[in-house]
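In: sequence unknown, structure follows:
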């Protein structure tokens, strides 16, 4: 079981070498599946390794392909109003012009939206609202597809967004709070982390 688990993880890691996530890469796994099916029993460990790598690669590729399919592809002409939940810890940044920017993850709860996106990285400029994990909001957003610079040796922002599960980035144009929270265990933990982070910040002021 340990040998198979390690092989499975190695298979998933091979996605890092792909230039693009495309379902057609599964074609290259077919000969290895045939080998596992036809190989003799005395090659059991080899079969287990190849099967684990193949299944890990296939599983990762299929999930990656599904995630890419639901990403925003083009910039909508109009702003989109979306209801959702704030997740994770918001990050507050002071800008050079004296303003502030709050960046947070927004999980979309509105199944009626015309877009397939599920999770957005949102920037809210100069807001006096106290943003916390678990809060329910309806946000009027200017959406953008995820993108990043692809210069050799530089940080690939688009890949980072993809690994974090974001389908788009957005800027808040207007907002309406629902004065209630999504009280899941994960949101409760993030709320406590936010409280601790605020206490630490206040102690250094």
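Out: Received it, and whenever you're ready, just let me know what you need. Since we're looking at a predicted model, the values are computed, not measured.

In: So which bits of the helix or strand containing residue 88 are buried?
Out: Using DSSP states H and E, residue 88 sits in strand 80-94. By neighbour count on 16 or more other C-beta atoms under 10 Å, the buried set for strand 80-94 is 80, 82-90, 92. Glycine gets a C-beta too; all of them are placed from N, C-alpha and C.

In: Can you give the distance of that strand from its chain's centre?
Out: How far strand 80-94 lies from its chain's middle: 14 Å, per C-alpha atoms, centre = their mean, to the nearest Å.

In: That strand: partners in the sheet, and parallel or antiparallel?
Out: strand 100-108 (antiparallel), strand 135-144 (antiparallel) (DSSP bridges).

In: and the last one, what's its mean pLDDT?
Out: Spelled out, that is strand 135-144. Here strand 135-144 scores 91 as its mean pLDDT.

In: Check the first one too.
Out: Over the span of strand 100-108, the pLDDT mean works out to 91.

In: Check stretch 167-184 too.
Out: 80.

In: Next: stretch 57-77.
Out: The average of the pLDDT scores along stretch 57-77 is 85.

In: Could you look up the SS state of the residue most central in space within the chain?
Out: Closest residue to the average C-alpha location of the chain: residue 165 at 1.1 Å, with C-alpha atoms, centre = their mean. Here residue 165 is recorded as coil under DSSP: H, G, I helix; E, B strand; the rest coil.

In: quick one, what contacts it?
Out: Residues in contact with residue 165 (C-beta atoms under 8 Å, 6 or more residues apart in numbering) are 67, 118-119.
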